[in-house]
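# The amino acid sequence is not available; the structure is as follows:
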């Protein structure tokens, strides 16, 4: 892990994971097959986080 200094602003840019070729076939293309049930089951759960991720994810945030 890494210790971050107090007061540091951390910005998370989800689009970088959403276009990572380690997780996505044809990451730069609109490719609806990315969301086939079989692919979703095999994909890293944090590779697509449009509304957050984890136990407290909420579209209403």
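The structure has been received and is ready for your questions. For clarity, every value in this text was computed on a predicted model and none was experimentally measured. Residues are numbered from 1 along each chain as shown.

# make it CA atoms for all contacts and neighbour counts henceforth
Noted.

# show me where this protein has helices.
Along the chain, counting by DSSP state H, helices occupy 14-18, 37-42.

# tell me which residues in the lowest-mean-pLDDT helix or strand in the chain are buried?
Using mean pLDDT, DSSP states H and E, the weakest-scoring helix or strand in the chain turns out to be helix 14-18, at a mean of 85. For helix 14-18, a neighbour-count test (16 or more other Cα atoms under 10 Å) marks 17, 18 as buried.

# And stretch 22-31, by the same measure?
23, 24.

# Give me the average confidence score over that stretch.
Averaged over stretch 22-31, pLDDT sits at 91.

# Would you pull up how far stretch 48-61 lies from the middle of the chain?
When distances are taken as Cα atoms, centre = their mean, to the nearest Å, stretch 48-61 is centred 10 Å away from the chain's centroid.

# Give me the contact list for it.
Contacts to stretch 48-61, defined as Cα atoms under 8 Å, 6 or more residues apart in numbering, come from residues 14, 17, 18, 45, 46.

# Identify the farthest-apart pair in those.
14 and 45 (12.5 Å; Cα to Cα).

# What distance do you get for residue 43 to residue 8?
The gap separating residue 43 from residue 8 is 31 Å, by Cα to Cα, to the nearest Å.

# out of the two, which sits in the busier spot?
In terms of neighbours (other Cα atoms under 10 Å), residue 43 is the more surrounded of residue 43 and residue 8; the figures are 15 against 7.

# That one is in contact with residue 23, isn't it?
Yes: in this structure residue 43 lies within contact range of residue 23 using Cα atoms under 8 Å: 6.8 Å.

# Closest one of the contacts of stretch 48-61 to residue 38?
Of all those, the one with the least separation from residue 38 (Cα to Cα) is residue 45, at 13.1 Å.

# Could you tell me what pLDDT the model assigned to that closest one?
pLDDT, residue 45: 82.

# separation between the closest residue to it other than its chain neighbours and residue 46?
Take residue 45 and drop its neighbours on the chain: the residue closest to it by Cα to Cα, 6 or more residues apart in numbering is residue 53, 7.8 Å away. Distance of residue 53 to residue 46, computed by Cα to Cα: 7 Å.
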